[in-house]
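*Asks:* Pasting the sequence and the predicted coordinates here, then a few questions.
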Amino acid sequence: MKRKYFNMKKITGAFLCLFLLIQGKAQETVYPAPAQKDAIALTNATIHIGNGQVIKNGTVVFSKGKITDVGASVSTSGAKVIDCKGKHIYPGLISPTTNLGLAEIDAVRATLDERELGDMNTNVRSIVAYNSDSKIIGTLRSNGILLANVVPQGGTISGSSSIVQLDAWNWEDAAYKMDNGIHFNMPQLSSGRGGRRGGGGFPGGFGAAAAGGDPAAAAFERIDKVRAFFKEAKAYYDEATHEHVNLKFEAIKGLFNKTQTFFVHTEGVKEMEVAVEFAKEFGFKTVIVGGNDSWKIADFLKDNNIAVILNQMHSIPLSADDDVDQPYKTPSQLQQAGVLFAISDTHAETRGRNLMFNAGVAAAYGLTKEQALQAITLSAAKILGIDDITGSLEKGKDANIVVSEGDILDPKSSKVTNAFIQGRTVNLDDHGKQLYERYKYKYGLK
Amino acid sequence: MRKLKLLLVGLSFVSFLQAQETFPVNGTADERTGNYAFTNATIVKDAQTTLQNATLVIKQGKIVGVNVAIPKDAVVIDCKGKFIYPSFIDLFSDYGVAPATTGQTTAVRGFGGGGGRQEAQTTSNTKGAYGWNQAIKAEVDASKEFTLNDAKAKELRTAGFGTVLSNLQDGIARGTATLVTLGSENENFQILKERASANYSFSKGSSTQDYPGSLMGTIALIRQTYLDAQWYKSKPATEGINLSLQAWNDNQSLPQIFDLGNDKWNALRADKIAKEFGVHYILKGGGEEYQRLDDIKATKASFILPLNFPQPPDVSDPNDVRSVSLSEMKNWEMAPSQPAMFEKAGIEFAITATGATDFLANLRKAIQNGLSETKALEGLTKIPATLIGVYDKVGSIDAGKVANFIITNGPIFKDSTIFFQNWVQGKKYSLKEDGWNDYRGDYTFTVNTKGTVKNYDVVLRGAPERITATLQAPGDSAKTNLTFTIAEKLVKIGWSSRADQGRQNNLSGVIGKDAWTGNGYMGNGDVITWKMVYKGEVPAEIRDTAAFAGGGNRGGGFPGGGARRTTASTQADVIYPFEGYGNKELPKQEDILIKNATVWTNEKEGNLENTDVLLKAGKIAKIGKGLSADGARVIDGTGKFLSAGVIDEHSHIAATGGINECTQAVTAEVRIADVINPDDIAIYRHLASGVTSEHILHGSCNPIGGQTQLIKLRWGKNAEDMKFANWDPFIKFALGENVKKSSSTANTRFPDTRMGVEQVYADAFQRAVDYQKMGPNKRKDLELEAISEILNKKRFITSHSYVQSEINMLMKVTARFGIQVNTFTHILEGYKVADKMKANGVAASTFSDWWAYKAEVQDAIAYNAAIMQKMGIVVAINSDDAEQATHLNQEAAKTIKYGDVPEKEAFKMATLNPATMLHVADRVGSIKVGKDADVVLWSDQPLSVYAKSLYTIVDGVVYFDREKDAAMEKQIAAERSRLIQKLLGERRTPGGAAPARGGRPRTDSDDDGDGID
């Protein structure tokens, strides 16, 4: 027994050495990139600015983390030139709603940090639980997703989200914009019974109403509680000193001075209408997250200046009678109505790495490719309140840049070859690629 | 008063039935003959024979005859103006045998259970020498459970029933039903036949046992029980006494009644079992069978139809109505036509009251929707009696039969007709005596105030059961309305004429033979006596109308007065399937020439530009340039791409009643083929995405799951017609976290580890090996039969798998038994053992990029497919998900991104490769002459995220056409709008059907005696 054990150890040891030799860099040795030292110029590429504009055969130059020049003929002097001939350059993609870093393995409770107990968790902050070493992160980064809004769940108010950049040693490092918004789960106003037949069910967001009773009455009761809470919070701010500091009130000051966004998670028409009117009472800057039926009230949303973060296009229609392509068409319907919208990818099994392909689907069903791109770059930045520093390849903005061999929105050509976050040259290795290398080695594959 | 021949009061308390001889008499013997003659009646002997002015004679609970001599000792009842019908028979009742508590429903455990914290219950909790499964209650004998339930009997009598076939409606085999009459005393005399039928269902009812946990498990259990019962006849020593199987065998000689529940497709499922075992079921429908009438008719079965017409769904909120499907609205509109449609189709049916909140109202509604009165009556009398072989006892008014009949004031199916009395075994039960006596006419009304007599003229009019009246003072042309309340022989009269200056005169009295008399107070306080004497008739047009609005017929109708309106649904059509995207006419096979497309052949020819493909008789007939249409429909493929249809190796759509039979580690006996659901909207959505075939699998909750079914997406066809013909059957295996129930906090079902999983396989295979060696008289075991098929290479394994250890293990276990896994599905760590997989010749069907949703998929990588493909393994990309299947082409394209798989090979992963691993590549999966015409015309390069299916064709039938789809959306919107309008109208109609949230419809009868409506 002992001998056997010894042998095992030996074998394992030998194997480990071998492994390190081949791999060079296990997950643990994929280092977050150091700050940009030299100016870099990406040349000869098709540049998708993110605002709808495309520059053929153009160049992007960035230095000290900022974009210094973009155009068809710009000077590259002093910059390290990376020839991107035939390639496409995009702003770093932004995942506007995700549990990235809060949930590692859905089925393993111990790895989940996304849902706190309690109902009015305004003071709960996603950023402190963000695990910058999550293995999931690398698989998004290597697909060109460089920024993410990490959103907590649970309760009526889940807490505050923060925007992170996906190449960091720790959460402090990762923080791109902290506590950018407060997340409100709009109670459901009708029981929303699904179709009796298969496939007609209601996807996530249409949570069950209180068992029995009138769901609308229960919902309005909950909304009243939130209303009372906000009113007291507002009154609280009017007084500078407090006998008891209320952490829950302190946490949402930004909502009232509009430095924080009021994110309303909901899907149905009536819920959106009620939530928008509710938010107006307090003058919040409001964004709908989910918005499955937003296409039905696009004008209302436009008139009220409400932006929408849509769930992935790869969803099934709400009811059996719906247009089979409805989820694919919603973005173009919002676009036509002039509603500001972003596209998210919260798919639980692919872990959000298909953000750009969902945008691609929207492009197949009515958006132009540049509009679809905008929904995962500049529009997302606008909605998240970071468009002054990122979201497009414009002079002065952070050098958050992705280079792809082909159209990034189409899986058959979407291959990210380079990525830069704040000018830093990001390592595009990930868990999958490492195992790929390991077994290519085993089988002698090229 | 002219018809005042009231003999009946008091009779109902005395029974003519002789006390049972064996019972001691406490008091004086009171034997009677129960001899009655009903004269001057319209007697409807049966649906075909009506006799006018006829006499019915009964004695001791039996019919002596119609128009026979009236015995001297008979009590004569004048039935002038009355109708006599045989009372109704209900073949689907639980009267008198239903469990006392409602615990049954709470005990029912939904399908798909078996997980969670519960201790597994693997055998029956029934105590005694019964069978292993608690839901097989063949030994239950309803006659032994039967006790009178007067309240329920009264309810049934009021609806016109006299006889019911009663059964404990619990379990899959429900034992025997007993035929009873609805009298209110002495069980001994109510039972007409102790064991009148054997009953079955697909619902396990109160059984707390785990198995079966799904519809397919239920069907497997029924099948196995037929086999076991047959085997038990040989008195096998290894079984001992099994009273359940014994009873099952004994019950076979009885009429067999199968309760189908609510799923119309269950009719075909039960029929399949019937044909397999040579039995004949009478099928109790769920109410939606009309949606597949041709299929229903093909069963050649007789039916018991409920009149459980749906309540109108609430459509008042234009947003909430989004969750009311077109099929639900259409069903509301069309369900009342079901009996008429059965009649028209020539399908024999009986009618049951079970399930209808207001039976008579719904019966009349069915007639308004086209059911003939003849068929309605037959369905309530002769047919049910004949179906269970008791027409010699009940079902018509003929000599020798049980004296079960109802007396009404008119034809029973007329809205306003009142059921006065229901006679059960010659005993009268009053239902509604008001109106038995027709008091209408002209009367002299005399009021005597302290000797001062004043005469009025009073006219009684309206409906006999709801008299209204007017009073006219002598010399006064003004008429005053009288309120008139009659209760048996007592009468209350109230009025206030102008002279009373708002004060009310209140009188009461008794209805006598020659005169009505009584006393009371006048409005001014005078104490008076009164008298009213019949003068003569009034003209019919006055007699039949109420004296004032709001009176008259209102109370005479039946609740749920929506039936009164003519709601015949002329605009309604059945569509196939019965939902928004269904078609009135199924699309037909066509010869089609697709011209000038880029054809991705998946064959050695590769991708052919500017090429024509001719589809003929469901096959690919020609591939080439400049092909002649030769009469075929031409589709221009210029700028478009033609490919073989997408095939999904791993799908769970289009199955009903649960796709997991989790309750045992090995459930090889269950079959997805039994539970295909052709109505799943996912079928249409997948067609819209270019999918043409899907392999429908059992779930992954046990090591050996169930038998799978390959289907073609023939939208609108029935389950049998969807099946892929002549394919090699497969079975689902599963490994890892699901089968060891890792999500359960307290699993008690073996196995709990991957170590145990191996032993489950070794054990199952070994048992099958030994089973095959057993002699010819062995018990046929469907589980081991299926596993034997695997060992004999007649059935093939597709195994859910994740980590390399278990993949390796299963290849070794199967190899030990001389077989090999056909396909590893999911196989997310296949890349780690790709060399071993290649060596064993197994195929791989995987996800493109799913991972990190549970512990065993931490090492799942998107490069998996590429590595396996490079290692020479046949690789497919599967969905396992109704949404994922809508973009398998895009998923296959990811193998280019992740691992540089060549484009053509990538596309094969969604088409030819799954066909290969399913052994059907000789028929589908590529564009090749002679293969099935299962093709897709794409708008763009088929692997592109921008590609849409423009046409999806299966067997040369265009099942999806993007332009037609757009037109259908408009149609759906229009049809929804029409139905919403109709529903809104329904809700506005006073007395209309109740709102969806309501219980019983509101009744309009004014019984509070105030005489004011």
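*Replies:* Yep, that arrived.
*Asks:* In which helix or strand does the closest residue to chain A within the stretch 351-500 of chain B reside?
*Replies:* Ranked by C-beta to the nearest C-beta, the top residue of the stretch 351-500 of chain B for proximity to chain A is residue B:355, at 16.6 Å. No exception for glycine: its C-beta is placed from N, CA and C like everyone else's. Using DSSP states H and E, residue B:355 sits in no helix or strand.
*Asks:* ok, now how distant is it from residue B:362?
*Replies:* Using C-beta to C-beta, to the nearest Å, one gets 9 Å for the distance from residue B:355 to residue B:362.
*Asks:* Please enumerate the shared neighbours of these two.
*Replies:* B:307-308 (C-beta atoms under 8 Å, 6 or more residues apart in numbering or on different chains).
*Asks:* who's more crowded, the two?
*Replies:* Between residue B:355 and residue B:362, counted using other C-beta atoms under 10 Å in any protein chain shown, the more crowded position is residue B:362 (26 against 18).
*Asks:* which residues does the nearest residue to that one once chain neighbours are set aside contact?
*Replies:* Distances taken as C-beta to C-beta, 6 or more residues apart in numbering or on different chains place residue B:307 nearest to residue B:362, at 3.9 Å, with adjacent residues excluded. Residue B:307 sits next to B:336, B:339, B:351-353, B:355-356, B:359, B:362-363, B:365-366 when contact means C-beta under 8 Å, 6+ apart.
*Asks:* For the stretch 701-850 of chain B, just list every one of the helices.
*Replies:* Ranges of helices in the stretch 701-850 of chain B, per DSSP state H, counting those that start in this stretch, are B:719-722, B:754-773, B:782-791, B:804-816, B:834-840.
*Asks:* Could you pull up the mean pLDDT of the first one?
*Replies:* In this case it means helix B:719-722. On average, the pLDDT along helix B:719-722 is 98.
*Asks:* and it, C-alpha only, in CSV?
*Replies:* The C-alpha coordinates for helix B:719-722 follow below in CSV (Å, rounded to 0.1, in the frame of the first residue of the first chain):
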residue,chain,number,x,y,z
ALA,B,719,-47.4,10.6,-33.1
GLU,B,720,-47.2,7.5,-35.2
ASP,B,721,-46.8,9.4,-38.4
MET,B,722,-44.0,11.5,-36.9
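*Asks:* quick one: which helix or strand includes residue B:532?
*Replies:* Element membership of residue B:532, judged by DSSP H and E, is strand B:527-536.
*Asks:* Centre of the chain to whichever helix or strand comes after that strand, how far?
*Replies:* For strand B:527-536, the following helix or strand on the C-terminal side (DSSP H and E) is helix B:540-543. The chain centre lies 46 Å from the centre of helix B:540-543; the measure is C-alpha atoms, centre = their mean, to the nearest Å.
*Asks:* Going by neighbour count, which residues in helix B:540-543 are buried?
*Replies:* Neighbour-count burial for helix B:540-543 flags residue B:543 (criterion: 16 or more other C-beta atoms under 10 Å in any protein chain shown).
*Asks:* now do stretch B:668-676
*Replies:* Of the residues in stretch B:668-676, those buried (16+ other C-beta under 10 Å) are B:668-676.
*Asks:* Compute the distance from the centre of that stretch to the centre of its chain.
*Replies:* Mean-position distance between stretch B:668-676 and its chain equals 20 Å (C-alpha atoms, centre = their mean).
*Asks:* And stretch B:804-812, by the same measure?
*Replies:* Worked out by C-alpha atoms, centre = their mean, stretch B:804-812 lies 45 Å from the chain centre.
*Asks:* Next: stretch B:462-472.
*Replies:* 45 Å.
*Asks:* Who are the contact partners of residue A:243?
*Replies:* For residue A:243, counting by C-beta under 8 Å, 6+ apart, there are no contacting residues.
*Asks:* re earlier: which one of the buried residues of stretch B:668-676 is nearest residue B:46?
*Replies:* Nearest to residue B:46, judged by C-beta to C-beta, of the buried residues of stretch B:668-676 is residue B:674 at 40.5 Å.
*Asks:* is it true that the closest one lies in a helix?
*Replies:* Yes: using DSSP: H, G, I helix; E, B strand; the rest coil, the assignment for residue B:674 is a helix.
*Asks:* show me what contacts the closest residue to it other than its chain neighbours?
*Replies:* Excluding the flanking residues, the one nearest residue B:674 by C-beta to C-beta, 6+ apart is residue B:219, at 4.5 Å. Going by C-beta under 8 Å, 6+ apart, residue B:219 touches B:202, B:269, B:273, B:670-671, B:674-675.
*Asks:* Export those residues to JSON lines and append columns for pLDDT and secondary structure.
*Replies:* Formatted as JSON lines, these follow (pLDDT from 0 to 100; DSSP: H, G, I helix; E, B strand; the rest coil):
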{"residue": "B:202", "pLDDT": "98", "secondary structure": "coil"}
{"residue": "B:269", "pLDDT": "98", "secondary structure": "helix"}
{"residue": "B:273", "pLDDT": "98", "secondary structure": "helix"}
{"residue": "B:670", "pLDDT": "98", "secondary structure": "coil"}
{"residue": "B:671", "pLDDT": "98", "secondary structure": "strand"}
{"residue": "B:674", "pLDDT": "98", "secondary structure": "helix"}
{"residue": "B:675", "pLDDT": "98", "secondary structure": "helix"}
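*Asks:* quick check: domain ranges of chain B?
*Replies:* With domains defined by automatic domain parsing, chain B comprises B:441-537, B:587-645+B:928-955, B:646-742+B:751-924.
*Asks:* Next, format those as a markdown table and append distance to residue B:434.
*Replies:* Below are the domains of chain B laid out as a markdown table (distance: least, C-beta to C-beta, whole Å):
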| stretch | distance to residue B:434 |
| --- | --- |
| domain B:441-537 | 4 |
| domain B:587-645+B:928-955 | 59 |
| domain B:646-742+B:751-924 | 48 |
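*Asks:* Just say which of the ones you listed is most tucked in.
*Replies:* Highest mean neighbour count of the domains of chain B: domain B:646-742+B:751-924, a mean of 23 (counted as mean count of other C-beta atoms under 10 Å in any protein chain shown).
*Asks:* average pLDDT for the helix or strand containing residue B:220?
*Replies:* Take DSSP H and E as the rule and residue B:220 turns out to sit in helix B:215-232. Taken as a whole, helix B:215-232 has a mean pLDDT of 98.
*Asks:* Let me know the next secondary structure element after that helix.
*Replies:* The helix or strand immediately downstream of helix B:215-232 is helix B:243-251, counting by DSSP H and E.
*Asks:* got the residues of the stretch 151-300 of chain B near chain A?
*Replies:* Counting by C-beta under 8 Å from any C-beta of the partner chain, no residue of the stretch 151-300 of chain B lies close to chain A.
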